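Visitor: missing the sequence, but the structure's below:
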C-alpha cells in the first residue's frame, strides 16, 4: 500500500509554497541570514518547541501564534538567537512577524518566527526591517534551498529533505529545511526545522503526527546533553494536493505519519553526522528496562557520558564506562543481569566481560558508526538514542571567542 | 577556642598508625601499586561509598566489614579497579582482606579494601599475594607518603594533608592520603581517600562527622559528571591521643568536624586542580532556589554543561550557556528573576545582560580560577560545587587505548 518515496527538494517542493532568503547583515559574513517560507493558499500549522524553561523571544511569539487556526508563513534568521533579551526581544520578534505579515497581507498571528545564533544580544532591527520588506516581495517556488542556507550556523551544508507518497491515488509531498543541533559553534546551538506539505490535514491531526514523528527522530538525538533555548520544529499544511482530509487513526494517517517520520529521521541523522568535531555516529539502544522511561534514563546516561564519548573518539569500546554510566543512571539495574553488545559482538555478558575478543571489539569501535545494544533483563522497557563521540576538535570549536 | 592548624604529614601523622607501599606488578610501570594503612591499637572506622549501582568488589567487601565494631587496617591498590569482575572479583577482594588480616594477626572483617584502575579485568592475585604478605611485615611510621604514591593513577603528585587541634588541652591529629577523581586517565577514574586520626570517638559519631564533611567537600566536586564504581572515603580513629571521647553535639565535636571538613576540602580542591587536562578551577554557587535540592540541580546543570566547560577553556564568560543550563535543569526558575555574577561582576541582571563590561568579564574569565554566583530569587535554597573547564587535553587523555 505504501508508495513512500524519498525525493530531492525542500520546502518549496509541495504545491503552492514559495520562499526566499537574503543577506541582511545580522551575520558579519556575506551569507544569507534571513528567510521566509510562505503558503500561497490557506494553511494550518503545528509545532513543537524546546522544553527549556528559558525560551527565546521568537519561541514565545510562535507558541502564541501557532494556536491561531491558520498559519501562512514563517520568518527565520540566523546570527542572533534573540534569547535572554527581555521585553525588547519580545517586541523585536513580534515586529518580525508583523512586518512579514504586512508585506504578505496577512494577520500578524498567521506568521511564526524562528531565530538562531548568539544569545543575549539585541536584534539589529535597523538591518532586518528594510531587508525583510524587500525579501517578502521576492519569494518564489525556487527559494527552498536559500531558506536552508539562511538558517545555517556552523552546518557544513544546507540540509533539505523531501518525501512523496500517494494517498488514494493523489500525489502528496512533504519538504523540509533544517539546521544543526548541539555543540555546533561558539554561539548557542539550536535545532530548527520547517516542514511543508500539500496534504489536506487539520492542525490538530497535523500536531498529533508531528509530535509522534519528532519523539522518534529529533528528540532521539543527543550530542552534548545541552538543550537550546530556541529549538523549534514547524509543519505547515496547505491542502494544495487536493487529497481527501487525513483523519486521525485512518490508514491514510498511518501513511502520512510514516512519511513525516522518515523525513524527520533523515534530517536528524544529517544533523548528528554534520556536527563539527564529530568523528563517529553511535546508536545506543536499551531494552529490558523496567519501563520505557527507565530505558530512556539508561540510554541517555550512556549517550551523554563525557568519559565514554572520549573513549569512542579513541576507538576504545570501553564497556567499563558503559557499566559505570548505567550504574549512576536513574534506571534500576542489576549488575549481574546486564548484557551489552557492540554491533553483534557480545561485549558484556551477565555484568562481566563477554566472549567477544578484544581485537574484534576494537575493530568495531574503530568504525565510523556503531551500535551499542544494552539488555537490562528486568522488563519490557525500550529506548534508543543517536549520539556521537567527543573529540578535541569539538572542544576547539566550542572554546568561545 | 579553635586552635586548628594545617600541618605537614599524612596517614602516619596521628599516633600509632603505621603504613607502607610496594610495587607488586599490577601496574606495568615500576611505581608502587599496593599499600597498607594499619592502626597498632584498637580502632574504629567510618566510610562513605559510591552511590553508583554498579559497585566494585572491594566496595562491597568494605561496606560489609565497616559494620564490624572495630576496623584496624586498609589495604589499597592501583592499576586494577576489581569492578565488573563477578564472583571471582569478590573472592579476590576478600582474599586481599584475609591475607592482610592474617599477616597482621587480625580478624578478616577488621580490614577494608580499596582498588582503583582498570575495570572488568581480573585481579592478578598471583602477583599480589606474595607481595602483600611481605608488605604487611614492613609497615612503619614513615610509610604515609608511600601510601599516597601507591594509590596514584594519573595524579601528578601524591596527595596528603593533615590537621592538628587541641581538645581540652590534648593534642589530636588527623592525616590523610587521597587520589584524584573524574576524567583522570584512560582507565576508570576513582576518588579514594583514607583518613586517620588519634581522636577518641565512637564509630557512629565518626560516621556522622565523616558524612557531613564529605557532603561539603568531596561531594561538591564535579569534573565530568561521571560517578565511579569505586569511590570510597574511609576514616580510622584509634584514641591514641587519649583525649576524652568526642560526643555528638558537643563543642569538641564541632571542633573535630571543623578539622575533618577542612582536611577533606583541601584534598577535594587538590583533586580538582590536579585533574589532567584541567586549566581552570570554577566555583558555581546557586542561591535563591526554591530549596537546597533545587539549588543543587541548578548548580550541577551549570557545572556539568559540556558547552559551558568548553567556553571556560576559551576564556569566554558566555552567560548565555549558563542561562540555557539553568533553563533545562530540574530546578524551577523564572527567567526574568535571574542574576548572575562572575566573581563580583554583574554579568546578568533580571535575565538579561548586566551592567558589567564585556572587557571586565573576559578578563575575569581568563583567570585560573573564578566564581559563578547565581541568584534565582525564588527562595532560600543554596548549593555550591567546585568544577573545571573542559580542554582538548582532557579529550586526548581520555581517548582510551
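Guide: Received, thanks. From a predicted model like this one, the values you see are computed outputs, not experimental measurements.
Visitor: I'd like to know which residues of the stretch 1-150 of chain A are adjacent to chain B.
Guide: A:51-55, A:81, A:83-86, A:118-121 (Cβ under 8 Å from any Cβ of the partner chain). Using the backbone N, CA and C atoms, a C-beta is placed for each residue, glycine as well.
Visitor: if you set the cut-off to 6 Å instead, what comes out?
Guide: A:52-54, A:84, A:86, A:119-120 (Cβ under 6 Å from any Cβ of the partner chain).
Visitor: Equivalent analysis for the stretch 301-401 of chain A, please.
Guide: So far as Cβ under 6 Å from any Cβ goes, the stretch 301-401 of chain A lies against chain B at A:305-307, A:310-311, A:313-314, A:316, A:318, A:320, A:323-324, A:327-328, A:333, A:335, A:352-353, A:392, A:395, A:398-401.
Visitor: at 7 Å what do you get?
Guide: A:305-307, A:310-311, A:313-314, A:316, A:318-321, A:323-324, A:326-328, A:333, A:335, A:351-353, A:390-392, A:395-396, A:398-401 (Cβ under 7 Å from any Cβ of the partner chain).
Visitor: circling back: dump the residues of the stretch 1-150 of chain A next to chain B into a markdown table; add secondary structure as well.
Guide: Putting those into a markdown table (DSSP: H, G, I helix; E, B strand; the rest coil) gives the following:
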| residue | secondary structure |
| --- | --- |
| A:52 | coil |
| A:53 | coil |
| A:54 | coil |
| A:84 | coil |
| A:86 | helix |
| A:119 | coil |
| A:120 | coil |
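Visitor: Show me which of the residues of the stretch 301-401 of chain A next to chain B are buried.
Guide: Among these, those classed as buried by 16 or more other Cβ atoms under 10 Å in any protein chain shown are A:305-307, A:310-311, A:313-314, A:316, A:318-321, A:323-324, A:326-328, A:333, A:335, A:351-353, A:390-392, A:395-396, A:398-400.
Visitor: Distance of the most centrally placed residue in chain A relative to residue B:320?
Guide: Centroid-nearest residue in chain A: residue A:218, 4.2 Å away (criterion: Cα atoms, centre = their mean). Separation of residue A:218 from residue B:320 (Cβ to Cβ, to the nearest Å): 22 Å.
Visitor: which ones among the residues of the stretch 301-401 of chain A next to chain B are found in helices?
Guide: Applying DSSP state H to those, the entries found in helices are A:306-307, A:310-311, A:313, A:319-321, A:323-324, A:326-328, A:392, A:395-396.
Visitor: I figured residue A:4 hits residue A:260, correct?
Guide: No. Residue A:4 is beyond contact range of residue A:260, at 10.3 Å (criterion: Cβ atoms under 7 Å).
Visitor: The two: who's more crowded?
Guide: More neighbours surround residue A:260 than the other of residue A:4 and residue A:260, with 25 against 16 (other Cβ atoms under 10 Å in any protein chain shown).
Visitor: Output the below-cut-off pLDDT ranges for chain A.
Guide: For chain A, the stretches with pLDDT under 70 are A:1-2, A:181-189, A:223-226, A:276, A:398-401.
Visitor: residue boundaries of the helices in chain A?
Guide: A:57-65, A:86-104, A:125-136, A:144-150, A:203-215, A:251-273, A:292-303, A:306-313, A:319-328, A:358-365, A:392-397.
Visitor: give the contact list for the nearest residue to residue A:382 once chain neighbours are set aside.
Guide: Nearest residue to residue A:382, sequence neighbours excluded (Cβ to Cβ, 6 or more residues apart in numbering or on different chains): residue A:287, at 4.7 Å. Contact partners of residue A:287, counting by Cβ atoms under 7 Å, 6 or more residues apart in numbering or on different chains, are A:295, A:375, A:382.
Visitor: Kind regards, and thank you for your time.
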